[in-house]
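J.: need a structure here:
(2 chains)
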Number of protein chains: 2
Amino acid sequence: MIVVVGSVGLDDVETKLGKRTRTLGGACTYFSAAASLYDQVAMVAVVGKDFPSEHIDYLSSKGVDLRGLQIADGKTFFWAGRYSENMDEALTLDTQLNVFANFQPNVPDDLRNAEYLFLANIDPSLQIHVLEQMKNPRVTALDSMNFWITSTRENLTRAMSMVDIVFLNETETRLYSGIDNLCAGARAILTLGPRAVVIKRGQYGSMLLTAAEPDLPFFVPAYPTEKVVDPTGAGDTFAAGFMGYIAQTGDLSIKSLRQAVVHGTVVASFTVEDFSIDRLRQLSSEEVDERYDTMRLLTHFDPPQEDQARIFEQPFL
Amino acid sequence: MIVVVGSVGLDDVETKLGKRTRTLGGACTYFSAAASLYDQVAMVAVVGKDFPSEHIDYLSSKGVDLRGLQIADGKTFFWAGRYSENMDEALTLDTQLNVFANFQPNVPDDLRNAEYLFLANIDPSLQIHVLEQMKNPRVTALDSMNFWITSTRENLTRAMSMVDIVFLNETETRLYSGIDNLCAGARAILTLGPRAVVIKRGQYGSMLLTAAEPDLPFFVPAYPTEKVVDPTGAGDTFAAGFMGYIAQTGDLSIKSLRQAVVHGTVVASFTVEDFSIDRLRQLSSEEVDERYDTMRLLTHFDPPQEDQARIFEQPFL
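T.: Residues are numbered from 1 along each chain as shown, chains lettered A, B, ... in the order given. Got it, this is the predicted structure:
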């Protein structure tokens, strides 16, 4: 069981390939939709009374435990954004916190024994509040963002020191650590206490660094999908593939973490191929496994495995 | 034997870690210093009468064939640049073409039978002129830059159509192809005729795409050296490690090309650890092989090789 705490919202999203209004969004939503491919997920979040029941029905159909989903008086969190031509950057056009402004994450009693916890990007003081509620989680992880690094650095530092795995993107890592070199920046974060740092690099993939082998980073490219429709949720579903794989296998070896990064990479690559969670609605484990196998073909060089020999022994000329 | 055609120059270079004046530079120089670790190299280039004899002596000591090095009346090509704080960008402060302005690359007769040819970044019309001189090279490759893409696109297109391998960086690929997606951009270049495209992505590593398997790109991260003193020559020595490995092994399989990309990655990582070619002066094949082995540990995930099991089976927590 993976407990995920974070935002559930309604988004207006515009990219060069189209526009959607009041589409299902929020880090917690994306994470749940993706991680439910791997293991049971329980959501701790808040929505307003306006939240469409069809979304509740969808999450239920995926087996997502919704006992921790509060339905509060008021409107659901709303975000509107437009992506740049190359899909690298989102310009926020509007943010209305609504019921999310007073979100107090309370983990239902039964869920406090969950083995896996993912704290999506929310106020670090709330992340700490959740960590204090959990009884004896096996693996805890958090994500954050620039806003918390600059506005509430001390709380974020404390939250990072309490979890096993920190997810950040490249810019956030540099901002937090003040170090330009990515490995050195990741090592600085490891000194706070987490046992692993996963750095997301957008179209350039990601990097994993563990405290067990701090001189041996692991690099993975992004899966080269050529159909990027909407990048929203890529980071959240990357974390979902990662945490989902760890929870499914229960294997906490470095090898397993590397494979988890590849699963995150693959799941994120599907997410961006349609608006909102639409691609995830149709996604099967078989499709994930197929891209996972392809990832090996995209990255390994020496020696090739038996079944790759035919491809690799071909002359290029 | 690898014939390399390109610039030999004297550079004033300033980075956050120091400054050097009239230090040995030029793409042809960097390439020769690095590729000579792998195979015999012959240089086709021009310098002025002011070119210090110690540099000639150094190149000779590396076994570089200098019969194609013209010593012309006038001064040697000069470049002055300063790198940004994060070493990502070079600001050109001064360029004096001097004798390089009238460079007519003439490949000495004996060298026209060479099996391997690397055309460093020079005017595409000169690259074509050299290609027309060669008798029956086994593998030809060229590098280029933004300037030629915008100023003499037709000649560059023709040159690319005549070689087996095109080296470009990410920005150049997008500029030439007009396509944002890197794989799609690389495929567009393959349609011109080359059998492989190698795209350099700076700190993000590189990508290889072959015409034999155009849906199967290969991605490699940069070697994560934390000692970047001077990035000058990284791209040229990347190509040198690549071409050197191909020439040394004579293996033109896709596997070999992938391994060549890793060799290029490793050699470039050493180059940037000191000014000019200073790190290359001391570089041994054993050091290259050591980093090559480490590259496997940085990128492979499934399944680990026997000798990696100890590292990979460790728990991260």
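
J.: Quick one: name the residues of the stretch 1-150 of chain A near chain B.
T.: By Cβ under 8 Å from any Cβ of the partner chain, the residues of the stretch 1-150 of chain A that approach chain B are A:85-86, A:139. To be clear about C-beta, it is placed using only N, CA and C from the backbone, and glycine gets the same treatment.

J.: now with 7 Å?
T.: residue A:86 (Cβ under 7 Å from any Cβ of the partner chain).

J.: Residue of the stretch 1-150 of chain A nearest chain B, please.
T.: Across the stretch 1-150 of chain A, the shortest distance to chain B (Cβ to the nearest Cβ) belongs to residue A:86, at 5.2 Å.

J.: what ranges do the strands span in the stretch 201-317 of chain A?
T.: A:206-210, A:218-220 (DSSP state E, counting those that start in this stretch).

J.: Can you tell me which of the ones you listed is nearest to residue B:64?
T.: strand A:218-220 (33.7 Å; Cβ to Cβ).

J.: now check the closest one, is it near chain B?
T.: Yes: counting by Cβ under 7 Å from any Cβ, chain B has neighbours in strand A:218-220: A:218-219.

J.: With stretch A:257-275 instead?
T.: Yes: using Cβ under 7 Å from any Cβ, stretch A:257-275 reaches chain B at A:257-259, A:262.

J.: just the CA coordinates of the helix or strand bottoming out on mean pLDDT in chain A, formatted as CSV?
T.: Across the helices and strands of chain A, mean pLDDT, DSSP states H and E gives its lowest value to helix A:309-312, namely a mean of 72. C-alpha atoms of helix A:309-312 as CSV (Å, rounded to 0.1, in the frame of the first residue of the first chain):
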residue,chain,number,x,y,z
ALA,A,309,23.0,-9.5,-30.5
ARG,A,310,21.2,-9.5,-33.8
ILE,A,311,20.6,-5.7,-33.5
PHE,A,312,24.0,-4.8,-32.2
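
J.: Give me the buried positions along that helix.
T.: Using 16 or more other Cβ atoms under 10 Å in any protein chain shown as the test for burial, helix A:309-312 gives residue A:312.

J.: Tell me the helices and strands packed up against that helix.
T.: Here helix A:309-312 touches helix B:254-271, going by 3 or more Cβ pairs under 7 Å, 6 or more residues apart in numbering or on different chains; DSSP states H and E.

J.: Tell me the helices and strands packed up against the helix it packs on.
T.: Counting contacts by 3+ Cβ pairs under 7 Å, 6+ apart, helix B:254-271 packs against helix A:309-312, helix B:27-35, strand B:206-210, strand B:218-220, helix B:234-249, helix B:278-282, helix B:285-299.

J.: of all those, which lies closest to residue B:180?
T.: Among the helices and strands packed on helix B:254-271, the nearest to residue B:180 by Cβ to Cβ is strand B:206-210 (14.4 Å).

J.: Please produce TSV containing the helices and strands packed on helix B:254-271, extended by distance to residue A:109.
T.: TSV is the format used below for the helices and strands packed on helix B:254-271 (distance: least, Cβ to Cβ, whole Å):
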stretch	distance to residue A:109
helix A:309-312	53
helix B:27-35	64
strand B:206-210	50
strand B:218-220	46
helix B:234-249	57
helix B:278-282	61
helix B:285-299	44
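
J.: Since that was my last question, I'll sign off now.
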